[in-house]
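Asks: can't give you the sequence, but here's the structure:
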């Protein structure tokens, strides 16, 4: 989150610097320094600003990417508004990139969590795409990411969200250049050879395009929603 982000969000809300400062518990001069870039936005203030100014959680600081356990991923998806985990909605939100990258880097991702990841791309297209792709490539997770983007793009189109569908399609096409030829899966080590053969024979068109062992498709996501 930059000072320019804070200023733009404050002005959209029609808040004077003095009023925002009062809500944050700081001085007007402090807010001015934040907006001018002379002070960094701390993690604590970032969380307050996202709430006060109705900013996207994509503006929150991003943690160091690491595999995310399924329970933590489910809770984070719920807090970000994913209907499939609506019962986990309470609690502080995190940057959606933390959730997406955490799942991309994990070795065994629960099927219900995987179903929520295309929604994450659809709901928060303002994620830092270049940063996301960089880390995915560093961990050979671009096939997983491409598969999720393909599903999200088709889901947006099915929902009539043409602008987001086109944006995601462009991102999928750009990512296609780094496609890895070996098969990948969201359960990298838990699958038996028989399961791998079955998934390879029955994978969805999106999974086949991205060399992924998965049957998840847009119809299932639409029915789940």
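Replies: Done, it's in. Model, not experiment: these values are computed from the prediction.
Asks: I'd guessed residue 214 sits against residue 200; true?
Replies: No: in this structure residue 214 lies outside contact range of residue 200 using Cβ atoms under 8 Å: 10.2 Å. C-beta coordinates here come from the backbone N, C-alpha and C atoms, glycine included.
Asks: Is there a neighbour count for residue 162? I'd like the number.
Replies: 10 (other Cβ atoms under 10 Å).
Asks: show me the contacts for it.
Replies: residue 156 (Cβ atoms under 8 Å, 6 or more residues apart in numbering).
Asks: From the structure, what's the count of residues near residue 13?
Replies: 13.
Asks: What sits closest to it if chain neighbours are left out?
Replies: residue 53 (5.5 Å; Cβ to Cβ, 6 or more residues apart in numbering).
Asks: rewinding a little: higher neighbour count, residue 214 and residue 200?
Replies: The neighbour comparison of residue 214 against residue 200 (other Cβ under 10 Å) goes to residue 214, with 23 against 15.
Asks: Leaving out chain neighbours, which residue sits closest to residue 196?
Replies: residue 213 (5.9 Å).
Asks: Need phi/psi at that neighbour.
Replies: phi -90, psi 90 (degrees, to the nearest 10).
Asks: residues in contact with it?
Replies: Residue 213 touches 183-185, 191, 196, 199-200, 203, 207, counting by Cβ under 8 Å, 6+ apart.
Asks: quick one, domains of this structure?
Replies: 3-55, 70-224 (automatic domain parsing).
Asks: Select from the ones you listed the stretch with the lowest mean pLDDT.
Replies: Of all those, the minimum mean pLDDT falls on domain 3-55 (a mean of 86).
Asks: Having no further points to raise, I will conclude here.
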